[in-house]
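Participant: 3D model of this:
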Amino acid sequence: MQTLLVTGGAGFIGTNFVRYWRERHTDDRIIVLDALTYAGVAANVSGLDRVKLVEGDIRDTDLVAQLLHDNDIRTLIHFAAESHVDRSISGPDAFVSTNIIGTHSLLKAARSVWLDQRPGDHRFHHVSTDEVYGSLEPDDPAFSETTAYAPNSPYSASKAASDHLVRAYHHTYGLNVTTSNCSNNYGPYQFPEKLIPLFLINCLHGKPLPIYGDGMNVRDWLHVEDHCRGIEKVLRVGEPGETYNIGGGEEVPNLVIIDRICAAVDQAFAADPSLATRFPDAPAARGEASASLKVFVEDRAGHDRRYAIDERKARECLGYQPDRDFAQGLGQTLQWYLDNEAWWLPLLKAR
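Facilitator: Sure thing, here's the model as predicted:
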């Protein structure tokens, strides 16, 4: 039995991790530290057995140190971050503050408790992104753990800086850290400004599907539960000071993803006529193709062309591999959003 501190545990990936861990480690306690900004939803973790939500800021070093000390926490999993690239382009200050200063605040708290006050076994796991590696050309090899960093957006630059701080606290102070760099996540509880939930919901409401540029930007897609399993393996057998790339093995252009979303929505309406009553504005409610909503718009500034993950290290050292292919994961994700309109509809109204 142990107590974990999960930062950003009321957000998308953090929520899924908390729920994943609770199902598999029923004796453990989890303290979720979340500022409950626009993407943090308290109800995501409220009512879960042996889970306590603390509303607070990761930049509050004293608060984090107190939580670590008072609860004898020896494992911290750091998800909390500003993560939407478009938001980072229009307002980079928040990304610098949360992702860089916030991560440094956590590291300072962990060092003060785990190294100065209560030395012993501990683990600080930092969740990062493949975007720190920059953009690939079509024939370039996939990102590995030794790929040079070349971030192209304020978001990825802030995550790259946080990665370097985590590494420095291991090599300078001896803090036991691990880092995982993941590919594009999708699945339940994802805030509806990200591509897959946004386009699913727009299909349901008959709203345009805005496609940046030519739509051929390529991403590797990772179901969030596979990501959680990867993090669990890092915590169990990952070596302190090491970085592990966690991918989904699904390298697909955005335009193909969007076409698959449209087809999945159309199939769902054909199989369940009641959806036409619930979502009368959807083209599929009239027997029309959801793909009719597609519209091409000006490309995003600094839009990376391709991401791809080389996950051989995670496979060989951790025994990690994704359980789902994209077709299976997308079908499950669509069904979750159809079944949980009460979760995402208030978030849309609050935007």
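Participant: Helices of the chain, residue ranges please.
Facilitator: For the chain, the helices defined by DSSP state H occupy 12-24, 61-70, 85-90, 93-95, 102-110, 154-173, 195-205, 224-237, 254-271, 274-278, 312-313, 326-339, 341-350.
Participant: out of these, deepest packed?
Facilitator: When these are scored by mean count of other Cβ atoms under 10 Å, the highest mean neighbour count falls to helix 102-110 (a mean of 24). Bear in mind the C-beta positions are built from the backbone N, C-alpha and C, glycine included.
Participant: Could you figure out how far that helix is turned away from helix 61-70?
Facilitator: Orientation note: helix 102-110 sits at an angle of 40 degrees relative to helix 61-70 (axes from the mean of the first three to the mean of the last three Cα atoms, to 10 degrees).
Participant: Give me the mean pLDDT for helix 102-110.
Facilitator: Averaging pLDDT along helix 102-110 gives 98.
Participant: circling back to that earlier point, out of the helices of the chain, which comes closest to Arg305?
Facilitator: Smallest distance to Arg305 across the helices of the chain (Cβ to Cβ): 10.7 Å, for helix 254-271.
Participant: Just list what the closest one packs against, helices and strands only.
Facilitator: helix 195-205, strand 209-212, strand 218-223, helix 274-278, helix 326-339 (3 or more Cβ pairs under 8 Å, 6 or more residues apart in numbering; DSSP states H and E).
Participant: Format the CA atom coordinates belonging to stretch 283-303 as PDB.
Facilitator: Extracted in PDB, the C-alpha atoms of stretch 283-303 (Å, rounded to 0.1, in the frame of the first residue of the first chain):
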ATOM      1  CA  PRO A 283     -26.100  15.400 -41.300                       C
ATOM      2  CA  ALA A 284     -26.300  11.700 -40.400                       C
ATOM      3  CA  ALA A 285     -29.700  12.400 -38.800                       C
ATOM      4  CA  ARG A 286     -30.900  13.200 -42.300                       C
ATOM      5  CA  GLY A 287     -29.000  10.300 -43.900                       C
ATOM      6  CA  GLU A 288     -26.300  12.600 -45.300                       C
ATOM      7  CA  ALA A 289     -22.600  12.100 -45.000                       C
ATOM      8  CA  SER A 290     -20.800  13.800 -42.000                       C
ATOM      9  CA  ALA A 291     -17.900  14.400 -44.400                       C
ATOM     10  CA  SER A 292     -20.000  17.200 -46.000                       C
ATOM     11  CA  LEU A 293     -19.000  19.300 -42.900                       C
ATOM     12  CA  LYS A 294     -15.300  19.300 -43.900                       C
ATOM     13  CA  VAL A 295     -13.800  22.700 -44.700                       C
ATOM     14  CA  PHE A 296     -10.200  23.500 -45.300                       C
ATOM     15  CA  VAL A 297      -8.800  26.600 -43.400                       C
ATOM     16  CA  GLU A 298      -5.500  28.400 -43.200                       C
ATOM     17  CA  ASP A 299      -2.800  26.300 -41.700                       C
ATOM     18  CA  ARG A 300      -1.800  26.800 -38.100                       C
ATOM     19  CA  ALA A 301       1.400  28.900 -37.500                       C
ATOM     20  CA  GLY A 302       4.400  26.700 -37.100                       C
ATOM     21  CA  HIS A 303       2.400  23.500 -37.800                       C
END
